[in-house]
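Asks: Attaching a predicted model along with its sequence, questions to come.
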Amino acid sequence: MVALYAHAPCGAATKIGMSLAQILDNLVQAKLELKQALLKAGAATKVVCLVHIDRGAEEGKRTYFLSAAEWQLMTRHNPIVPGRRWPAQLAKAAP
Ligand SMILES: [Zn+2]
């Protein structure tokens, strides 16, 4: 099994303007690309996406599983667009 990790908040990602949604989307894309490459090489290895989130001094750091299938369902009609708030409906609803 391969575990792909992202972490948030990430100083480097923030510095280049990446949102958490973009980070998670990139993580899922990385999983899909890795799965394809592994299959091509004849290795049916399981790949999981994990996100390490620092919730501050009180709650500490926690690791969460990110379901690539659920993420794809959630973003299918609301694709992640760099530089745009996500989901788009929330951006429109905001005052
Ligand atoms: Zn970082």
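Replies: Looks like it came in fine. Numbers count the residues shown, from 1 in each chain.
Asks: who are the neighbours in contact with residue 66?
Replies: Residue 66 makes contact with 24, 27-28, 49-51, according to C-beta atoms under 8 Å, 6 or more residues apart in numbering. Where C-beta positions appear, they are placed from N, C-alpha and C, glycine not excepted.
Asks: and the ion, which of those reach it?
Replies: With C-beta under 5 Å from the ion as the criterion, these include none near the ion.
Asks: which residues of the chain fall in helices?
Replies: Taking DSSP state H to define them, one finds helices in the chain at 11-15, 20-40, 56-59, 68-75, 88-93.
Asks: quick revisit: list just the nearest of the contacts of residue 66 to residue 5.
Replies: Within these, proximity to residue 5 (C-beta to C-beta) peaks at residue 50, which comes in at 5.1 Å.
Asks: Quick check: that closest one touching residue 63?
Replies: Yes: here residue 50 reaches residue 63: they are 5.5 Å apart, a contact under C-beta atoms under 8 Å.
Asks: Which of the helices of the chain has the lowest mean pLDDT?
Replies: Lowest mean pLDDT of those: helix 88-93, a mean of 55.
Asks: that older thread, any chance of the helices of the chain in TSV, plus distance to residue 2?
Replies: Output for the helices of the chain, formatted as TSV (distance: least, C-beta to C-beta, whole Å):
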stretch	distance to residue 2
helix 11-15	21
helix 20-40	7
helix 56-59	28
helix 68-75	13
helix 88-93	32
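Asks: CSV please, covering these and showing mean neighbour count and distance to residue 1.
Replies: CSV is the format used below for the helices of the chain (neighbours: other C-beta atoms under 10 Å; distance: least, C-beta to C-beta, whole Å):
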stretch, mean neighbour count, distance to residue 1
helix 11-15, 10, 25
helix 20-40, 15, 11
helix 56-59, 7, 28
helix 68-75, 14, 14
helix 88-93, 10, 35
